[in-house]
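>>> Predicted structure and sequence below. I'll ask about it afterward.
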Amino acid sequence: MDTDIKKIMHVMRRAPHGSIYTYEGLEMILIMAAYEQDLSLAFIGDGVYALKKNQDTAGIGIKGFSRTFMALEGYDVEKLYVDRQSLEERGLTEDDLVVDVEVMEASEIGRLMTEQDVVIHH
Amino acid sequence: MDTDIKKIMHVMRRAPHGSIYTYEGLEMILIMAAYEQDLSLAFIGDGVYALKKNQDTAGIGIKGFSRTFMALEGYDVEKLYVDRQSLEERGLTEDDLVVDVEVMEASEIGRLMTEQDVVIHH
Amino acid sequence: MLHTINKSPFENNTFVTCVRFLQPGDPVLFIEDGVYAVQAGNRFGALIQSVLKKNNPVYALKPDLDARGISAIAEGVKSVDYAGFVDLVEEHQVNSWL
Amino acid sequence: MLHTINKSPFENNTFVTCVRFLQPGDPVLFIEDGVYAVQAGNRFGALIQSVLKKNNPVYALKPDLDARGISAIAEGVKSVDYAGFVDLVEEHQVNSWL
Amino acid sequence: MNIGILLKEGPYNHQASDTAYKFAEAAIAKGHKIDAVFLYNDGVTNVTKLGDPPQDDRNIAARWSELAQKNDFKVLACIAASKRRGINDDVLIEGSEITGLGTLTDIAIRNDRLLTFGD
Amino acid sequence: MNIGILLKEGPYNHQASDTAYKFAEAAIAKGHKIDAVFLYNDGVTNVTKLGDPPQDDRNIAARWSELAQKNDFKVLACIAASKRRGINDDVLIEGSEITGLGTLTDIAIRNDRLLTFGD
């Protein structure tokens, strides 16, 4: 088996709760985090909503998971990139988010994408 | 059982082949056509692509179904409404479609919608 | 006729399309990811106001707003719970823009 | 890096979003319902041309074009079959914009 | 009021089944009658008893089964859509049945409302 | 070249499984190795042998089974995603297995490419 460290980027693109993609994506990320690869997360488009503070899913009867993003640091997953335009278009700022992130320009996130061995959209 | 004739509109909104909604929608319409209700079809947004001529699905390995729209007349389903703007935005004209339709303004299709007992989007 | 919209307007064209077909007076209810349309201060505020001005009442499902952390909603939009959704269905036939 | 897009740009924002992240020289391949983007004469022609001008080659999967009855495609766009898709994957890492 | 529900997406992957369920509960609480829930497209996978979600999550199939039996309606899966997706009589939860699209037509005809939930 | 495939949607409802299959066939024809197909989200429903599509339609599960066995790879369904959706060992087609996300990580690490297909 190849023992090089691989660069794997997970791209969160969907709003939470309307579909399971973000939640199951997060489950995938938590498992991959144990494999000591170079993981990063990019939040693009509606993906930024996954990080919104004060989500209370009791009323829809679906388990919430925004707090799980806070646990990522404990797994040494610390590269969380947020697309500035996606955030601004949605009337959000960094203060609205549950975790510390790097707000970046699309061109910069795009450059990081090209350095990856694997990119998975959720 | 209520024996009044019900007005049921099927709204085709998706492009064909990328998902099964239009195809299974058409299966539903063919069954409903046997029940002698007042059926109509509206093609809105990417739904107009379902009627595009010269679809050849051999290469993707999925059964084509655009010709099935031609069979609707034999089932006395003759109210096929196409939203003018959806057609024009996609660079299509009536000549590009496999069946005769009524090209209508959105406001007029919207008015017909409000007369329905049931509206089902596919 | 009650129109329901369940897609985020930022990624999907459903809301913009639905508005073209809307008849004056018909209520619109945003559910699921559709509720992002009514978050105060976003770029769909103008479209929401134009809908309200044509006498189309606009609602958003509160459990879906809460689930997404949306507390401030556009002026004139009313939030309803599932019972309120049922009330709207009592009064109107339903057109779910999937 | 090869970017694939599988959604119709008329209903979904994926193509427009992808373009913002695209690095010069990176190829774009339209597949499935994504191929509607390259139909000649539609309103995404200008965006396609701007991508081509930044030295991003643009491809569309021919079996998907054929399935949708699209014979005329925008100038500068190349159609490829599944073998051509594999060729692109040989040359590039892949970024599938689902 | 008599209400039919058409559910077009499977459980968990989209919120449609959750919203349909919450709506049905609320309608019943207000004294309305749910006549039937008809499953179409991937929606047919809502009634497989083979699902085994995490303990701390909702069990969508079991929940529909209970609501249907308690309120005297059926959750009906379209036979053609079911066959495509591996749903058959052997895997059905209590309170569900496989049937044809003619039944959906009857549901559309005989009820005051037919509500669609999906993606 | 060694290629892993991640498939995130079920059969028939979306074209993803068809495109992934056609791509895999073409890659094999050009002498590449498909290392594994990993199923996630609704994608896990690609490997149920209970499906019974119309005679004149493709059988997606059977097709994956055949391609996998002929070319010495496995179609792997994520266990957590499978449990939610009623996929278990009893319903698996030949050539498929249920496994964990760690296996997907191995696939991502050891191959030259990981391609994702979905909605």
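Nice, I can see it.

>>> For the rest of this, base every contact and every neighbour count on C-alpha atoms.
OK.

>>> Could you list the contact residues of chain C toward chain E?
C:6, C:32, C:82-83, C:85-86, C:89-90, C:93-96, C:98 (CA under 8 Å from any CA of the partner chain).

>>> a helix runs through A:Gln85, doesn't it?
Yes. Judged by DSSP: H, G, I helix; E, B strand; the rest coil, A:Gln85 forms part of a helix.

>>> thought it was touching A:Val103?
No. A:Gln85 lies out of contact with A:Val103 (CA atoms under 8 Å); the separation is 9.3 Å.

>>> Return the residues of chain A in contact with chain F.
So far as CA under 8 Å from any CA goes, chain A lies against chain F at A:1-2, A:5-6, A:20-21, A:24, A:28, A:31-32, A:35, A:117-118, A:120-121.

>>> The residues you listed in strands, which ones?
A:Val118, A:Ile120, A:His121 (DSSP state E).

>>> Closest to chain C out of these?
A:His121 (14.8 Å; CA to the nearest CA).

>>> what are the bridge partners for the closest one, then?
A:Val11 (DSSP bridges).

>>> interface residues of chain A facing chain D?
A:45, A:106-111, A:114, A:116-122.

>>> Between all of the residues you listed, which two are separated the most?
A:Gly45 and A:Asp117 (22.4 Å; CA to CA).

>>> my read: E:Ile79 touches E:Thr99, true?
Yes. Assessed by CA under 8 Å, E:Ile79 is found in contact with E:Thr99 at 5.4 Å.

>>> Low-confidence stretches in chain A?
A:1-3 (pLDDT under 70).

>>> For it, which segments count as helices?
Along chain A, the segments classed as helices by DSSP state H run A:21-32, A:68-71, A:84-89, A:106-114.

>>> And for chain E?
Going by DSSP H, chain E shows helices at E:16-29, E:60-70, E:79-84, E:101-110.

>>> okay, those helices in a markdown table with mean pLDDT and distance to chain A next?
Shown next, in a markdown table, are the helices of chain E (pLDDT from 0 to 100; distance: least, CA to the nearest CA, whole Å):
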| stretch | mean pLDDT | distance to chain A |
| --- | --- | --- |
| helix E:16-29 | 98 | 7 |
| helix E:60-70 | 98 | 10 |
| helix E:79-84 | 98 | 21 |
| helix E:101-110 | 98 | 26 |
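
>>> Of these, which is nearest chain B?
Judging those by CA to the nearest CA, what sits closest to chain B is helix E:101-110, at 5.5 Å.

>>> Let me know whether that closest one sits next to chain B.
Yes. Using CA under 8 Å from any CA, helix E:101-110 reaches chain B at E:Leu101, E:Gly102, E:Thr105, E:Ala108, E:Ile109, E:Arg110.

>>> repeat for stretch E:20-34
No. Judged by CA under 8 Å from any CA, stretch E:20-34 makes no contact with chain B; its nearest approach is 15.1 Å.

>>> before we move on, the earlier item: closest to chain F out of the helices of chain E?
Closest to chain F of these is helix E:79-84 (CA to the nearest CA; 4.4 Å).

>>> got a list of contacts for the closest one?
With CA atoms under 8 Å, 6 or more residues apart in numbering or on different chains as the test, helix E:79-84 has contacts from B:24, E:40-42, E:44-45, E:88, E:98-101, F:12, F:50-54.

>>> repeat for stretch E:17-36
A:60-61, C:32, C:82-83, C:85-86, E:1-5, E:7, E:9-11, E:46, E:60, E:64, E:67, E:71, E:73-76, E:107, E:111, E:117-118.

>>> do the same with stretch C:31-46
A:15-18, A:89-91, C:4-9, C:30, C:48, C:60-61, C:64-65, C:70-75, C:77, E:15, E:19.

>>> of those residues, buried ones?
A:15-18, A:90, C:4-9, C:30, C:48, C:60-61, C:64-65, C:70, C:73-74, C:77, E:15, E:19 (16 or more other CA atoms under 10 Å in any protein chain shown).

>>> What residues does the residue most central in space within chain C make contact with?
Nearest to the mean C-alpha position of chain C, by CA atoms, centre = their mean, lies C:Phe30 at 3.1 Å. By CA under 8 Å, 6+ apart, the residues touching C:Phe30 are C:Thr4, C:Ile5, C:Asn6, C:Ala37, C:Val58, C:Tyr59, C:Ala60, C:Leu61.
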